[in-house]
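[1] Turn this into a structure:
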Amino acid sequence: MAKTRAVVKRNPPPERGWLTSRYIDKKMTAEEISKESGLTPRKIYYWLQKYNIPIRCSKDYSEKHRQTLKKARAILAKDPSFIEKMTTGRMGEKNPNWRGGKWKVEDSFLRKIRNCQRYLDWKDHILKRDVSSYPKIPKNVQVHHLRSLASIVRENNIKTIEDALTCDDLWDIGNGVALTSAEHLIITWMNRMKKHSLGFISYIENFIALNEDRAKEV
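    Model (predicted):
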């Protein structure tokens with residue numbers, strides 16, 4: 001029996017006259033028209049351009065937008081430092097993402113560490129230890145840090161490459177393990193989770209117990 005494909009119902013394109021009357025005559029916004037037509041605001045702008053209907057500039061905003069701008073200007077007139085307060089008022093300890101003053105390690109500095117010869121030698125030691133086919137390394141195999149490189153750099157206050165070369169924690173081969181790219185991705189997302197439910201932990205434990213016989217070297 002032949003399979004039938006599901007028919008996706010799409011909203012028909014708006015007629016030129018209908019769109020012109022709402023956008024030009026009634027001064028409706030693309031968002032307001034989209035609610036009436038069932039199309040997305042992006043699609044509304046597409047058809048405006050398709051029909052060569054001129055897009056409004058700031059002076060042609062709808063009444064709703066003009067009122068919003070009027071309120072914003074009134075706030076700035078009463079307190080010119082309002083914008084500065086909104087930005088500086090959320091800096092440092094006042095920011096909801098504050099983590100106790102931990103400085104962010106720049107990606108460019110981590111890249112310099114990863115490109116130095118000692119880091120390449122560290123990776124080679126782990127691959128030689130964990131990959132059965134060494135020196136032939138499968139394309140999907142990566143070296144994963146048990147403690148992240150950024151956290152080691154931060155905890156040891158490493159500021160320069162010279163500091164990195166003398167830090168024993170960075171070159172501990174016990175902190176690295178060879179994984180497939182898929183395993184690396186899973187572990188990365190697990191580490192980003194702030195909390196793990198008891199059900200999730202139980203599932204992982206059961207998975208390990210049931211699949212020990214499937215474990216093999218990468």
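
[2] if I read this right, Thr29 contacts Lys64, doesn't it?
    Yes: applying CB atoms under 8 Å as the test, Thr29 and Lys64 come out as touching, 7.3 Å apart. C-beta: built from backbone N, CA, C; applies to glycine.

[3] Which of those two has more residues huddled nearby?
    Thr29 (17 against 13; other CB atoms under 10 Å).

[4] the bottom helix or strand of the chain by mean pLDDT?
    Every helix and strand in the chain was compared by mean pLDDT, DSSP states H and E; the lowest is helix 82-88, with a mean of 70.

[5] could you point out the longest helix in this structure?
    helix 63-78 (DSSP state H).

[6] what's it packed up against?
    For helix 63-78, the elements it packs on are helix 82-88, judged by 3 or more CB pairs under 8 Å, 6 or more residues apart in numbering; DSSP states H and E.

[7] can you pull the buried residues of the next helix-or-strand element following the helix it packs on?
    Counting by DSSP states H and E, the next helix or strand C-terminal to helix 82-88 is helix 107-115. Residues 109, 113 are the ones in helix 107-115 that count as buried (16 or more other CB atoms under 10 Å).

[8] Pull out the buried positions in whichever helix or strand comes after helix 107-115.
    Following helix 107-115 in sequence order, the next helix or strand is helix 117-130 (DSSP H and E). Residues of helix 117-130 classed as buried: 119, 122-123, 126-127, 130 (neighbour count, 16+ other CB under 10 Å).
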